[in-house]
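Chemist: got a predicted structure plus its sequence, pasted below:
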Amino acid sequence: MIPEDTARDILRGSGIAQATNVNKSWLVAADEVARLLKGTVGCENFTLPIKYEVATQEQSPNATDSLSLAEIEGLPLSEVNATKVVAYERLLQYCSAVGSGDLGTLNKACVLLGISTEWGGAWSVLRRLVLLGHLEFETHNNNIRWGMVEPNILTAADGGISRDFLVGQRTPRLMEGFGKLFEVLEEHQIDGPKRMGVGKWVDDSGFVTSQVPRIGHLGCVSELIVELLPAVDNWIKLLPVWEERDFGRYRIDCYDPTTEQFLSRATLLQPEQGLYRFKIEQGKRSIVTYAFFSKNDDCWRCGDLYGLRFVARQQAGKCRAMYTAESRNLVIPPEDRWPMPYERALVLASGRLPERLRGDTGVVALRYTGIPKKMAVALGEALQIHLEGE
Amino acid sequence: MATYKAWNSALATFFVSGVSKGSHIFLSLDEETVEEMAAGFLDKTEDRPCEDLVAAVRSACVDQSSDGVNLDVFAASYGKIPAGVAFLGVMVLAACRMKEEEGVDESNYFLRLREILGLKPIRGRPKGMPPGAEKPLWLAWNRFLVALGYTPTSEEGAGPQTYLRYVFSQAILRESDKGFLRQRYRDSKIPRNFDSDQLGFWLSRQPVNRKHLSEGLQHPDPVRAWEFRQSAYRVYEPGDWANNAPQLPSQDRSSARRIECGIFRFESLVGDVQYLTFPKQPGRSRHSELSVSDETGRSEKLREFRPGFFRPLWPQKPFLDKPIELPVGGDPLIKSLVLPQRDFWILTFDPETERGAIASWKPYLDLGEKFMVLCRKGPYSQEMSRFREAGLIDWSHEIDCGGWFEYIACMVVSYGWGGFVSNLDCRALSDALEPRAEAGVSCSGGLRDQNQNAWLAGFPPTLRVYGFENRFDLTVIGSRGAQIVFNAQPVQQDIVLPTDLDHDTYRIQVNWNGRRVASRMFRIVAWSDIMEHPNPPEVINADPISTAGLRLRGPIVCRQPHSESEKSDA
């Protein structure tokens, strides 16, 4: 009896990779015959092969593209309706369960929950969740990664008139636990999860600590952010420089603050100060880059559409903002939307996304509520725009 | 002496400790396992834990006067833990005490059970335990596991072994099997630093003339085969088989444990790839604060990444010239961490997220699963090419990494590995890749709560069958009786489930020619039961475009760049 190992060596040495003759049973161990029968005996195979599946990787947009995609005003305007409210709540709960992910994770959830079907929509949703303080994102080399924040209570900037509110992870179980600590005041908002206000605190004499989820108190974060934000001129200097030199391969449009349109530019020999849009086709994708040409620095600064458009309009003296001290409302035309760092302060002041005021031509203004006068003035000065109204 | 309730709780906790969600759980209780459990999971120390467990079970349910048992006492539960777990454990313990020559039948088995329960040594079921009486206890245990996100393995049989199957499906190594293994390890003088994969391959090539052990190690169900290999590794791990002293009583043997390491493929956001040491949590143990000292003497804490795994540690080349054993502190039983010397690695995607990291997450592959192979240049890389030429496996592309290759997006495509004459030195690789199952079913998509290993109501998974035939029949069966049938389902095509599936546990049964060839479980939970991630990764944004250079994590202003984020002052 030839030992199995020796038999294999002999077979391989003879160039036999597959044993095809079951009659030569002495070449293999007896219990291998069954396996040989299963493999190849006088026929190609007893079983069918599995088809190799080529990986179809979803191409999520580059981070810079995402920052340039059509944002909220591109989405259909919606009223508060029960289906959407549930969808946004579930999205926040799902993100709370997943903990972190990329834009693709969020996009899939948005599609399944019926919130949005486009990458632009997913980015817009991500942006809103960041503004509301529920999560944060980072970008590296064109990849976006987001991560949920643990539950926290923020103090509203208007001295508590708007009440404190919850941010961060949220699930029905957590909300039930918070309900043991304080009265939870739900407030629906369009295109976002509910604002959970913090009402009266329950008398804590009967607490069982283990039954109550942990929650942090961050105080009035928006005031702190306002103190730390730089003036707009200094903010522009922080923006990344775009080193591109070969503009010939792009389709170039220049933003006109007067008409609020992007107008085609054939060449870019001597660019004027302002916002430009550069588009290039790469395979099936269009890559869009927004850049602001600063004559002072003689360089191109990259950023997102909202931020750079604001800079272009502000420097052209076109930006408007209206503030009413009595109502603590700050109203801004949608085309003058503030850069994201500054908008964070506005949203975190009350925990509410801006309301969209409609006119005959569509959305005519964004209204931020619960903004104290001191904050509005400070931000107006930082952004070098005049606040109309009281 | 601990109470029955204490033992019951210890058992239930023991079997799910340090185990990743979705893992298959075997209630494989033998004497050494009882000792290990008592040492780590009972508040009181026990001198003779096995006897005390048996005494506790007897006191709970045995009625000496009638020579019978009363199983009604286990109908309820202690909190979330079913009350019958310790009794079931003792049932399995009886099976583990059966000798090799004892046939698996009711007659022999109940003789053993009677012996343990202190009943008369006669054949047949004890009074109070007619056929099927123990079934509700097994079902309660299965429900408990499913609720925690694990996969139960106890199941009903057929014919004369309808109910005995529950017990025997859980009994892995018998006491006599362990003695055989120790002797074999000693006689073969095998190296002391095999990891469980390497030991499993070595065992698969050993002549084993013990029917129960042999059938287990070669079982066509990879789950069961793996459990046998794991149990054999637990016998190997302490290393006390190496000396020639007479076999010590179990309570005097060493219980030293070690931490095995896999590798974690880290790809930076700029695309650079690095491999990190990826320690596995020793299952069935409670951990104090563990730390490992690397070769330079620097100590690093072992922090849990998720059940079953510690956080990846330092960068590590996948292939070492010799194994490295490093001391571990913080636990009297866990002595060392071992970086194995391997010739190949099979890495899969994170089973908890569809686009997750690639690492040594799983001990075996599911049919249809994409994976990555790393192997040394030379015979192994040549063998991979031979596999591909023979139509056994395919991949997207390979990357030359210097001393080894990475094979990207591999997929096993043939069942015909039996006819392939592999290189003698590379049989471990072909053994690891060869499919054991004829078919498999994957669950993907939908909205999944990974914390519970469950899908959310209204967003069930999409199924896909893989197999070596054109079509299979699928049945999706809920535990409450709901049933959906998909006849003659083509392979590798999406199967969409209805969105109105109730929250329940579902079993997918794949049949071919009337024969079950694969099964899988999935669960749907209500949205009200969704669980938040316990420790979401901290993502800090300092991009001027979106933060003006402030370091923000949502509403949290992080002031110090190189330390933990701090909350803003109120």
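Modeler: Received, thanks.

Chemist: that's a helix at A:Gln263, yeah?
Modeler: Let me fix one detail, which is that residue A:263 is Leu and not Gln. No. According to DSSP: H, G, I helix; E, B strand; the rest coil, A:Leu263 belongs to no helix; its state is strand.

Chemist: any buried residues in stretch A:168-180, and which?
Modeler: The neighbour-count check on stretch A:168-180 (16 or more other C-beta atoms under 10 Å in any protein chain shown) flags A:168-171, A:174-175, A:177-178 as buried. The C-beta positions use only the backbone N, C-alpha and C, and glycine is treated the same way.

Chemist: okay, these in JSON lines with secondary structure, pLDDT and distance to B:Glu352 next?
Modeler: Compiled in JSON lines, those are given as follows (DSSP: H, G, I helix; E, B strand; the rest coil; pLDDT from 0 to 100; distance: C-beta to C-beta, whole Å):
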{"residue": "A:Gly168", "secondary structure": "coil", "pLDDT": "97", "distance to B:Glu352": "22"}
{"residue": "A:Gln169", "secondary structure": "coil", "pLDDT": "97", "distance to B:Glu352": "18"}
{"residue": "A:Arg170", "secondary structure": "coil", "pLDDT": "96", "distance to B:Glu352": "21"}
{"residue": "A:Thr171", "secondary structure": "coil", "pLDDT": "96", "distance to B:Glu352": "18"}
{"residue": "A:Leu174", "secondary structure": "helix", "pLDDT": "94", "distance to B:Glu352": "21"}
{"residue": "A:Met175", "secondary structure": "helix", "pLDDT": "95", "distance to B:Glu352": "25"}
{"residue": "A:Gly177", "secondary structure": "helix", "pLDDT": "92", "distance to B:Glu352": "25"}
{"residue": "A:Phe178", "secondary structure": "helix", "pLDDT": "92", "distance to B:Glu352": "27"}
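
Chemist: so which of the residues you listed also contact chain B?
Modeler: Checking the buried residues of stretch A:168-180 against chain B by C-beta under 8 Å from any C-beta of the partner chain, the ones in range are A:168-171, A:174.

Chemist: and the helices in chain A?
Modeler: Along chain A, counting by DSSP state H, helices occupy A:4-13, A:30-39, A:63-68, A:82-98, A:103-113, A:119-131, A:172-178, A:221-228, A:232-238, A:305-315, A:340-350, A:373-383.

Chemist: what separation do you get for the residue most central in space within chain B and chain A?
Modeler: Nearest to the mean C-alpha position of chain B, by C-alpha atoms, centre = their mean, lies B:Ser23 at 4.5 Å. To chain A, B:Ser23 is 20 Å away according to C-beta to the nearest C-beta, to the nearest Å.

Chemist: OK, contacts around that residue?
Modeler: Applying C-beta atoms under 8 Å, 6 or more residues apart in numbering or on different chains to B:Ser23 gives the contacts B:150-151, B:308.

Chemist: got the phi/psi numbers for the closest residue to B:Arg174 other than its chain neighbours?
Modeler: Spatial nearest neighbour of B:Arg174, excluding adjacent residues (C-beta to C-beta, 6 or more residues apart in numbering or on different chains): B:Cys96 at 5.2 Å. Dihedral pair for B:Cys96: phi -70, psi -20, per degrees, to the nearest 10.

Chemist: and the gap between the closest residue to B:Pro340 other than its chain neighbours and B:Arg229?
Modeler: Nearest residue to B:Pro340, sequence neighbours excluded (C-beta to C-beta, 6+ apart): B:Asp195, at 4.3 Å. Applying C-beta to C-beta, to the nearest Å, the value for B:Asp195 to B:Arg229 is 11 Å.

Chemist: and the helix or strand hosting B:Ser176, what's buried?
Modeler: B:Ser176 belongs to helix B:175-188 when assigned by DSSP states H and E. Applying a neighbour-count criterion of 16+ other C-beta under 10 Å, the buried positions in helix B:175-188 are B:175-178, B:180-182, B:184-185.

Chemist: list the contacts of that helix.
Modeler: Applying C-beta under 8 Å, 6+ apart, the external contacts of helix B:175-188 come out as B:30-32, B:96-97, B:99-100, B:173, B:206, B:208, B:210, B:212-213, B:232, B:235-236, B:241-242, B:244, B:247.

Chemist: would you map the strands across the stretch 351-500 of chain B?
Modeler: Counting by DSSP state E, counting those that start in this stretch, the segments of the stretch 351-500 of chain B that form strands are B:358-359, B:371-376, B:393-394, B:397-400, B:404-412, B:439-444, B:448-449, B:454-456, B:462-467, B:471-478, B:483-490, B:494-496.

Chemist: highest mean neighbour count out of the ones you listed?
Modeler: When the strands of the stretch 351-500 of chain B are scored by mean count of other C-beta atoms under 10 Å in any protein chain shown, the highest mean neighbour count falls to strand B:448-449 (a mean of 24).

Chemist: so what does that strand touch, helix or strand wise?
Modeler: Strand B:448-449 sits against strand B:454-456, with contacts defined as 3 or more C-beta pairs under 8 Å, 6 or more residues apart in numbering or on different chains; DSSP states H and E.

Chemist: direction included, what does the strand it packs on pair up with?
Modeler: Partners of strand B:454-456 in the sheet, by DSSP bridges, are strand B:448-449 (antiparallel), strand B:515-525 (parallel).

Chemist: most centrally placed residue in chain A?
Modeler: Closest residue to the average C-alpha location of chain A: A:Leu126 at 2.7 Å, with C-alpha atoms, centre = their mean.

Chemist: distance between the ends of stretch B:490-507?
Modeler: Taking C-alpha to C-alpha, to the nearest Å, the first and last residues of stretch B:490-507 lie 19 Å apart.

Chemist: ok, now stretch A:361-372?
Modeler: 30 Å.

Chemist: okay, strands next: where are they in the stretch 201-350 of chain B?
Modeler: So, for the stretch 201-350 of chain B - with DSSP E, counting those that start in this stretch - the strands run B:257-267, B:273-279, B:290-293, B:299-302, B:304-306, B:309-310, B:324-329, B:334-339, B:344-349.

Chemist: give me the angle between the last one and strand B:257-267.
Modeler: Between the axis of strand B:344-349 and that of strand B:257-267 there is an angle of 70 degrees, by axes from the mean of the first three to the mean of the last three C-alpha atoms, to 10 degrees.

Chemist: give the rounded mean pLDDT of strand B:344-349.
Modeler: The predicted model gives strand B:344-349 an average pLDDT of 95.

Chemist: give me the helices and strands touching that strand, please.
Modeler: Helices and strands touching strand B:344-349, by 3+ C-beta pairs under 8 Å, 6+ apart, are strand B:257-267, strand B:358-359, strand B:371-376, helix B:427-433.

Chemist: quick revisit: could the strands paired with strand B:454-456 go into CSV alongside distance to B:Ala83 and mean pLDDT?
Modeler: What follows is the strands paired with strand B:454-456, written out as CSV (distance: least, C-beta to C-beta, whole Å; pLDDT from 0 to 100):
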stretch, distance to B:Ala83, mean pLDDT
strand B:448-449, 28, 95
strand B:515-525, 23, 93
